[in-house]
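**Q** Mind looking at a prediction? Sequence and model below.
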Amino acid sequence: EPEVTQTPSHQVTQMGQEVILRCVPISNHLYFYWYRQILGQKVEFLVSFYNNEISEKSEIFDDQFSVERPDGSNFTLKIRSTKLEDSAMYFCASEETEAEAFFGQGTRLTVV
Amino acid sequence: GESVGLHLPTLSVQEGDNSIINCAYSNSASDYFIWYKQESGKGPQFIIDIRSNMDKRQGQRVTVLLNKTVKHLSLQIAATQPGDSAVYFCAERPGGSQGNLIFGKGTKLSVKP
């Protein structure tokens, strides 16, 4: 069964450092998303991406965040200067047109 | 504002019993709703969805009910099994079938053997 894969599974970084979280969406999917989940809280939308551009973003997705689809298969989330409050699980999701979103296993980001 | 919330944070049921997990939403413009299951350390897993032109949809052992009058969504799990233990989230899509998902806080379902 096709799946969304994310790497790394766990990333520890120092405050102020840049991190790149990587995702390989399901190959025939067209819509890509990043969500985050702070421990014990609900899943929150960050950004959606379609046709090589951001289609929607939340208030959380400020100038410190960026997304890229560099090579037609990977979909990355970059945080330029991490803060303690960026510590969370980050989920990538992808979907075909008018179908359910498939989520990856997540990357646990710990900022120290 | 737009929000999706859950009535109960935890639910404990006996194996074999039916489970009912509830969800309230506030955005009357939402026309697509999804239930996700999240096991510990994993990403949300799609269970079942429903569009606003329906009030009931059935899957394998699961049924979703939608009451647009009171903006209420429920997930019924028949013959609950230990493998059903997880956190269940409802989510809505204000934009219809595309666009971002707004998740509720989650209900933790524990199944006692």
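**A** Good, I have the coordinates.
**Q** Does B:M54 touch B:K68 like I think?
**A** No: contact criterion CB atoms under 8 Å: B:M54 and B:K68 do not qualify, at 10.0 Å. Where C-beta positions appear, they are placed from N, C-alpha and C, glycine not excepted.
**Q** And the contacts of stretch B:66-84?
**A** Contact with stretch B:66-84 is made by B:13-26, B:28, B:33, B:35, B:37, B:47-48, B:50, B:52, B:54-56, B:61-65, B:88, B:90, B:109, B:111, B:113, as judged by CB atoms under 8 Å, 6 or more residues apart in numbering or on different chains.
**Q** mind running it again at 7 Å?
**A** B:13, B:15-26, B:28, B:33, B:35, B:50, B:52, B:54-55, B:61-65, B:88, B:90, B:109, B:111, B:113 (CB atoms under 7 Å, 6 or more residues apart in numbering or on different chains).
**Q** Now A:T13. Nearest residue, chain neighbours left out?
**A** A:V19 (5.1 Å; CB to CB, 6 or more residues apart in numbering or on different chains).
**Q** show me the contacts for the closest residue to B:S30 other than its chain neighbours.
**A** In space, B:S30 comes closest to B:E92 once its chain neighbours are excluded; the distance is 4.1 Å by CB to CB, 6+ apart. When contacts are counted by CB under 7 Å, 6+ apart, B:E92 is found next to B:4, B:25, B:27, B:30, B:32-33, B:102.
**Q** Export those as a markdown table, with columns for secondary structure.
**A** Formatted as a markdown table, the contacts of B:E92 follow (DSSP: H, G, I helix; E, B strand; the rest coil):
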| residue | secondary structure |
| --- | --- |
| B:V4 | strand |
| B:Y25 | strand |
| B:N27 | coil |
| B:S30 | coil |
| B:Y32 | strand |
| B:F33 | strand |
| B:I102 | strand |
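**Q** List just the nearest of those to A:Q37.
**A** Proximity of the contacts of B:E92 to A:Q37 (CB to CB) peaks at B:I102, which lies at 13.4 Å.
**Q** so who does the most centrally placed residue in chain A touch?
**A** Centroid-nearest residue in chain A, with CA atoms, centre = their mean: A:W34, separated by 3.4 Å. Residues near A:W34 by CB under 7 Å, 6+ apart: A:46-47, A:67, A:77, A:90, A:92.
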